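# Here is a sequence with its predicted model. Questions after.
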Amino acid sequence: NGGYVAFPVLVSARILRIPVIIHVSDTVPSRVLLFASKFAKKISIAFPEAAKFFPKNKEKIAHLGNPVRDEIKFKQTEGAHQYFDLDPTRKTILVLGGSQGSQIINETILGALPKLIKNYQIIHQTGKNNYDNVFATAGVELIDNPFKKRYRVYSYLDNLQMKMAAGTADLIISRAGAGSIAEISNWNVPSILVPLTKVISRDQESNSFSYARSGAAVVIRQKNLSPNILIHEINRIFETSGLIEKMSESAKKYFIPDSDKKIAHEILKILISHQK
């Protein structure tokens, strides 16, 4: 995988004739990976769209997906609703902003919260720096709300909590990093993706639209995100007959299991070949 820090390593490998394998975790490869593709023995891609950037290397390309951490690979469904003291008969939405959280997603959830909890349960991971503000604001918003126990807010979800949360989730709202998409599709959970803007991340928008084309997700661009639009999309997904099931099945079909093992296998094959 290739940031600029990988460039001198790749040049050294080229000079010393050490075989190179590259992994393109996003839809668009970096300049370093494009450079390395000229002499790489194998090009592993996570998104099918990445293949078009290597028109002269088709025989080297392997669509192997992105690895998912073993600690959260398997969602825990048994006892998950009880773990969070939630109703297993009510639809649950899991909101993930990453370890740093997403201020705009947090603000949008807070704005939509009184209407959302009339129909749904929410597990909201805010990010450590945002937790106090979200907790306080939600407390004020829901002080006399009869459904306030349907909202669970956390600064961070550890591995056990994440597996349990994934086990309760009927829908996930998330950013669109390559790792996040891999985890969500691995869990086979429909999602609404809110990618970072191109100014901040050149990959998240293209990642999210690539995944959405599979039918597993819908995308709301950050500039279009508002409480009303989010509520409309959530209701549409849950209320359209058969849609939630189709999205879940699409997520299942999209995910490539055992990516870590498949990538390791390709590395070992080339290593063995190089030693002969």
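Structure received.

# Figure out the length between the terminal residues of stretch 145-157.
25 Å (C-alpha to C-alpha, to the nearest Å).

# buried ones in it?
Using 16 or more other C-beta atoms under 10 Å as the test for burial, stretch 145-157 gives 150-155, 157. The way it works is simple: take the backbone N, C-alpha and C, and place the C-beta from them, glycine included.

# sec struct for G111, please.
With DSSP: H, G, I helix; E, B strand; the rest coil as the basis, the three-state label of G111 is helix.

# Revised request: answer the last question for I173.
I173 ends up strand, using three-state DSSP.

# I'd assumed I192 was in contact with it.
Yes. I173 is within contact range of I192, at 4.8 Å (criterion: C-beta atoms under 8 Å).

# any residues in contact with both of these two?
When contacts are counted by C-beta atoms under 8 Å, 6 or more residues apart in numbering, I173 and I192 have L230 as shared neighbours.

# Narrow the buried residues of stretch 145-157 to those in strands?
Residues of these located in strands (DSSP state E): 151-154.

# Could you export those residues to CSV, including columns for distance to A217 and pLDDT?
Shown next, in CSV, are these (distance: C-beta to C-beta, whole Å; pLDDT from 0 to 100):
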residue, distance to A217, pLDDT
Y151, 23, 98
R152, 23, 97
V153, 24, 97
Y154, 23, 96
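
# Show me what the helix or strand harbouring S44 is packed against.
Following DSSP states H and E, one finds S44 within strand 42-45. In terms of contacts (3 or more C-beta pairs under 8 Å, 6 or more residues apart in numbering; DSSP states H and E), strand 42-45 is packed against strand 21-24, strand 61-63, helix 259-275.

# can we see that at 10 Å?
Other elements packing on strand 42-45 under the criterion 3 or more C-beta pairs under 10 Å, 6 or more residues apart in numbering; DSSP states H and E are strand 21-24, helix 31-36, strand 61-63, helix 259-275.

# Check what contacts the third one and list those residues.
Applying C-beta atoms under 10 Å, 6 or more residues apart in numbering, the set of residues contacting strand 61-63 from outside is 21, 23-24, 37, 40, 42-48, 50-51, 53-54, 256, 259, 262-263, 265-266.

# on that earlier part again, Serialize the ones in strands among the buried residues of stretch 145-157 to a markdown table and add fields for distance to Y120.
Listed next are these as a markdown table, based on distance: C-beta to C-beta, whole Å:
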| residue | distance to Y120 |
| --- | --- |
| Y151 | 10 |
| R152 | 12 |
| V153 | 15 |
| Y154 | 17 |
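
# Out of those, give me the two with the largest separation.
Y151 and Y154 (11.0 Å; C-beta to C-beta).

# Quick check: neighbours shared by those two?
Common neighbours of Y151 and Y154 (C-beta under 10 Å, 6+ apart) are 123-124.

# got the contact list for the residue nearest to H81 when sequence neighbours are not counted?
Leaving aside its sequence neighbours, H81 sits nearest to P88 (C-beta to C-beta, 6 or more residues apart in numbering; 4.1 Å). By C-beta under 10 Å, 6+ apart, the contact set of P88 is 77, 79-82, 121, 168.

# how far away is P88 from L33?
45 Å (C-beta to C-beta, to the nearest Å).

# how would you label P67: helix, strand or coil?
Quick answer, by three-state DSSP: P67 is coil.
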